[in-house]
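>>> A predicted structure for the sequence below; I have some questions about it.
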Amino acid sequence: MSSESLERIARNKNVARAAARQLSMEQLHKLSEVIEEVIEQKKDEERHRQDEELQKERKRSEILEAISEAGLSVDDLVLDPPRRKRGRPPKNATKT
């Protein structure tokens with residue numbers, strides 16, 4: 001089953017019902033268990049991502065506070081930006 005058909009089933013209750021009619025009760029229960037596992041896994045991944053974002057924000061705040069306590073600003077830490085090459089390379093630049 002393709003992801004497109006799964007998306008179609010997920011978006012439309014009638015399509016889901018029609019697909020479910022083709023399955024036995026045992027298959028429906030197994031499908032339900034699998035979907036529950038996937039939902040729990042997605043929840044865990046989302047919690048983990050949110051925890052990582054919180055950790056990054058805490059570290060960022062700590063660093064900014066340390067910079068401020070040192071009497072510096074973020075601009076003091078940034079050197080001259082790297083210069084970008086302008087234009088396109090010659091067509092035969094890769095040929096040797």
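Right, received. Where do you want to start? Numbers count the residues shown, from 1 in each chain.
>>> going forward, measure contacts between C-alpha atoms and count neighbours the same way
Noted.
>>> mean confidence for stretch 37-54?
In this model, stretch 37-54 has an average pLDDT of 97.
>>> Could you give the separation of it from the chain centroid?
A distance of 11 Å separates the centroid of the chain from that of stretch 37-54, by CA atoms, centre = their mean, to the nearest Å.
>>> Report the buried residues of that stretch.
By neighbour count, with 16 or more other CA atoms under 10 Å as the criterion, stretch 37-54 contains no buried position.
>>> Centroid-nearest residue for this structure?
Using CA atoms, centre = their mean, the residue of the chain that lies closest to the mean C-alpha position is R49, 8.3 Å off.
>>> Quick check: which element contains it?
helix 25-69 (DSSP states H and E).
>>> give me the low-pLDDT residue ranges for this protein?
Counting by pLDDT under 70, the ranges of the chain that qualify are 1, 81, 93-96.
>>> Contacts for stretch 19-38, please.
Here stretch 19-38 makes contact (CA atoms under 8 Å, 6 or more residues apart in numbering) with I9.
>>> CA atoms only: put that stretch into PDB for me.
Listed in PDB are the C-alpha atoms of stretch 19-38, where the atom choice follows Å, rounded to 0.1, in the frame of the first residue of the first chain:
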ATOM      1  CA  ALA A  19     -10.800  -0.300   3.200                       C
ATOM      2  CA  ALA A  20     -11.700  -1.700   6.700                       C
ATOM      3  CA  ARG A  21     -14.600  -3.700   5.200                       C
ATOM      4  CA  GLN A  22     -12.000  -5.700   3.300                       C
ATOM      5  CA  LEU A  23     -10.200  -6.800   6.500                       C
ATOM      6  CA  SER A  24     -11.100  -9.400   9.000                       C
ATOM      7  CA  MET A  25     -11.600  -8.500  12.700                       C
ATOM      8  CA  GLU A  26      -8.300 -10.000  13.500                       C
ATOM      9  CA  GLN A  27      -6.600  -7.900  10.800                       C
ATOM     10  CA  LEU A  28      -8.400  -4.800  12.100                       C
ATOM     11  CA  HIS A  29      -7.200  -5.400  15.700                       C
ATOM     12  CA  LYS A  30      -3.700  -5.900  14.500                       C
ATOM     13  CA  LEU A  31      -3.800  -2.800  12.400                       C
ATOM     14  CA  SER A  32      -5.100  -0.900  15.400                       C
ATOM     15  CA  GLU A  33      -2.200  -2.200  17.500                       C
ATOM     16  CA  VAL A  34       0.300  -1.200  14.900                       C
ATOM     17  CA  ILE A  35      -1.200   2.300  14.500                       C
ATOM     18  CA  GLU A  36      -1.100   2.800  18.300                       C
ATOM     19  CA  GLU A  37       2.600   1.800  18.300                       C
ATOM     20  CA  VAL A  38       3.300   4.300  15.600                       C
END
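>>> Many thanks, we can stop here.
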